[in-house]
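In: Starting from these lines, generate the structure:
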Amino acid sequence: MKKITKKVNAAILIIGNEILSGRTQDKNISFISQWLNAKCGISVNEVRIIPDDEKKIIENILILSKKFNYVFTTGGIGPTHDDITAQSISKAFKVKYEYHKEAYAILEKYYGKKKFNDGRKKMAKLPRGAKLIYNPSSAAPGFIIKNVLSLPGVPSILNSMIENTKRYLVKGLKVHSKTLNLYTVESNISKQLGLIQKKYKKFVDIGSYPFFRLGKIGVAIVTRSNSISKLNIVNKELISLVKFKKIQILKI
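Out: The predicted model follows:
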């Protein structure tokens, strides 16, 4: 992975009727987002969840691949009839959907020729020109074509594969964050927070998130920046504000 000194962003496209129906709870968004920032300095700026629908997959792939440096898709690359992600991405980029020789060989070796049925063979069909993202858990590979990386929807398998995407990614600037948990209400500090954000808007993002803990209402102030020094400056101002307002800080 080549390191560069600029912001690199990504989108996540979750594909699956089971997510939209509520039958399956998504765990991949949080994992991918945290991994990309911590390991690659890549910020996830948008997430979409769509059904197993060819038209919707094509539409979203074309939009997101133009808008972001990378697009990570999850789901729809298995052996069943509703696993249509690879085929849909092929149509989006107008390339042939065909057997990938290396993927075919990997799967045939894993299952054995007698058990290598049509459903399992389907997992070796990819967009022409795609490169493999190797799978140490269940053999069936993910793939990358252009700036779109397709991974399985099963969290444990995706987690085992994510490191194998590094070779295809350009590293960006890591986003650092600090959290200040306060026993107060947002309206008590909203005006001052707005002024601090306006002052440092080019360097630091400030978020305010209410919580209810131990019978008390509180607010988590989260600051994010590519610059640790700028982050420290902003947090010093926040601490000064807290002291001036005589607000209790929650130690976690």
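
In: The closest residue in space to N28 that isn't next to it in sequence pairs with what?
Out: Using Cβ to Cβ, 6 or more residues apart in numbering and skipping the chain neighbours, the partner closest in space to N28 is T74 (4.8 Å). Every residue, glycine included, has its C-beta placed from N, CA and C. In this entry, T74 is beta-bridged to I14, L151, by DSSP bridges.

In: Next, give phi and psi for the residue lying closest to N69 once chain neighbours are set aside.
Out: Of all residues not flanking N69 in the chain, V8 sits nearest, at 5.0 Å (Cβ to Cβ, 6+ apart). Per-residue torsions, V8: phi -120, psi 130 (degrees, to the nearest 10).

In: The helix or strand harbouring V44 pairs with which strands?
Out: With elements taken from DSSP states H and E, the one containing V44 is strand 42-50. Using DSSP bridges, strand 42-50 pairs in its sheet with strand 8-15 (parallel).

In: Now do the strands in the stretch 51-200 of the chain.
Out: Secondary structure of the stretch 51-200 of the chain (DSSP state E, counting those that start in this stretch): strands located at 70-74, 97-99, 125-127, 131-133, 142-145, 148-151, 176-183.

In: show me the contacts for A103.
Out: Contact partners of A103, counting by Cβ atoms under 8 Å, 6 or more residues apart in numbering, are 123-124, 126, 132, 141, 143.

In: so K230 sits right up against K201, yeah?
Out: No. Contact criterion Cβ atoms under 8 Å: K230 and K201 do not qualify, at 11.2 Å.

In: who are the neighbours in contact with L182?
Out: 189, 218-221, 242, 247-250.

In: so which of those residues would you say is closest to A92?
Out: A220 (39.3 Å; Cβ to Cβ).

In: Run a quick neighbour tally on that closest one.
Out: 16 (other Cβ atoms under 10 Å).

In: before we move on, back to that, could you dump the contacts of L182 to CSV with distance to E163?
Out: Listed next are the contacts of L182 as CSV, based on distance: Cβ to Cβ, whole Å:
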residue, distance to E163
I189, 41
G218, 37
V219, 36
A220, 31
I221, 33
V242, 40
I247, 42
Q248, 42
I249, 37
L250, 35
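
In: Quick check: next helix or strand after the longest helix anywhere in the chain?
Out: Longest helix of the chain, by residue count under DSSP state H: helix 228-245. For helix 228-245, the succeeding helix or strand toward the C-terminus, using DSSP H and E, is strand 248-249.

In: Show me how far that following strand is from its chain's centre.
Out: Centroid displacement of strand 248-249 relative to its chain, using Cα atoms, centre = their mean, to the nearest Å, is 33 Å.

In: what's the average pLDDT for that strand?
Out: Averaging pLDDT along strand 248-249 yields 92.

In: Need the contact partners of it.
Out: Identification of contacts with strand 248-249 by Cβ under 8 Å, 6+ apart yields 180-184, 242.

In: Okay, now the sheet partners of that strand, with direction.
Out: Partners of strand 248-249, by DSSP bridges, with direction: strand 176-183 (antiparallel).

In: Name the residues of the strand it pairs with that are buried.
Out: Of the residues in strand 176-183, 176, 178, 180-182 count as buried by neighbour count, 16 or more other Cβ atoms under 10 Å.

In: mind checking the SS state of R224?
Out: strand (DSSP: H, G, I helix; E, B strand; the rest coil).

In: That one: neighbour count?
Out: The number of residues near R224, taken as other Cβ under 10 Å, comes to 17.
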